[in-house]
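**Student:** Give me a model of this one.
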Amino acid sequence: MLKEHDTVIVTIDDTAESVLCAFLFRELMWHGKFDFNVIWHAEREPAGYLMELFKENRIEVVIKDFDTVISQVSGIKRCLSYECYDEINAYFLGGILKRSEIKCLMPLEKEGHEDCYLIRPLYQVHREDIEKFLTYSGLDDIKLRELSPEIADMQDLISDLRADNQYIDSNIFAGMENINKSILLGYTDEEGHHSFLEWYDK
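**Tutor:** Next comes the predicted model:
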């Protein structure tokens with residue numbers, strides 16, 4: 001998801017996920033295997049105690065609107081989205097049950113801005129592990145992102161299913177990788193919708 005000389009734009013929004021990523025990318029920048037740049041960005045100034053925390057840890061937050069930050073950076077830019085493992089699973093399951101589609105939140109996708117890509121660094125990080133990070137770091141006052149009603153409903157359903165199958169989370173996640181296109185009733189790509197009738201007799 002990240003290459004040498006990229007610029008990563010970490011948007012700080014006072015949520016636990018953004019604070020975690022602010023520190024993760026600082027550590028990667030300092031101790032990673034190749035050079036890249038990080039811009040810690042916020043649309044408005046973070047809460048006072050967070051600003052102090054960032055200053056103490058040599059994280060300089062730029063207070064500007066997102067489009068301005070993007071326009072001032074040349075080269076490949078990686079912007080962050082903070083969905084974690086549990087939300088990825090819930091989105092996938094909700095697509096099937098509520099929107100009649102098989103659709104994933106991808107770990108890397110093209111953004112609307114030129115030379116800009118969206119990455120999801122928490123793709124395989126469990127929500128409960130983020131909570132443990134907060135407790136371990138003494139940051140219990142920082143709240144996790146608020147979930148949409150659909151995601152919350154799907155997470156409750158997955159929790160119920162977990163009571164009967166402890167592997168339900170990993171099974172759902174693996175299901176996003178193990179789709180056999182040859183035995184689907186149909187699929188959609190850049191050319192439009194395709195029915196199994198197009199290939200069943202070949």
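
**Student:** Look up how far Arg127 lies from Asn171.
**Tutor:** Distance of Asn171 to Arg127, computed by CB to CB, to the nearest Å: 18 Å. From N, CA and C alone the C-beta is placed, and that goes for glycine too.

**Student:** ugh, wrong one, I meant Asp140
**Tutor:** Taken as CB to CB, the span from Asp140 to Arg127 is 15 Å.

**Student:** In terms of neighbours, single out the busier of the two.
**Tutor:** For the pair Asp140 and Arg127, the greater number of neighbours falls to Arg127 (18 against 11), based on other CB atoms under 10 Å.

**Student:** what phi and what psi does the backbone show at the more buried one?
**Tutor:** Dihedral angles of Arg127 (phi, psi; degrees, to the nearest 10) stand at phi -60, psi -40.

**Student:** for this structure, which spans come out with low pLDDT?
**Tutor:** 202 (pLDDT under 70).

**Student:** what's the offset of the longest helix anywhere in it from the middle of its chain?
**Tutor:** As assigned by DSSP state H, the longest helix anywhere in the chain is helix 16-31. Averaged C-alpha coordinates place helix 16-31 at 14 Å from its chain's average position (CA atoms, centre = their mean, to the nearest Å).

**Student:** Going by neighbour count, which residues of it are buried?
**Tutor:** Buried positions in helix 16-31, judged by neighbour count with 16 or more other CB atoms under 10 Å: Ala16, Glu17, Ser18, Val19, Leu20, Cys21, Ala22, Phe23, Leu24, Phe25, Arg26, Leu28.
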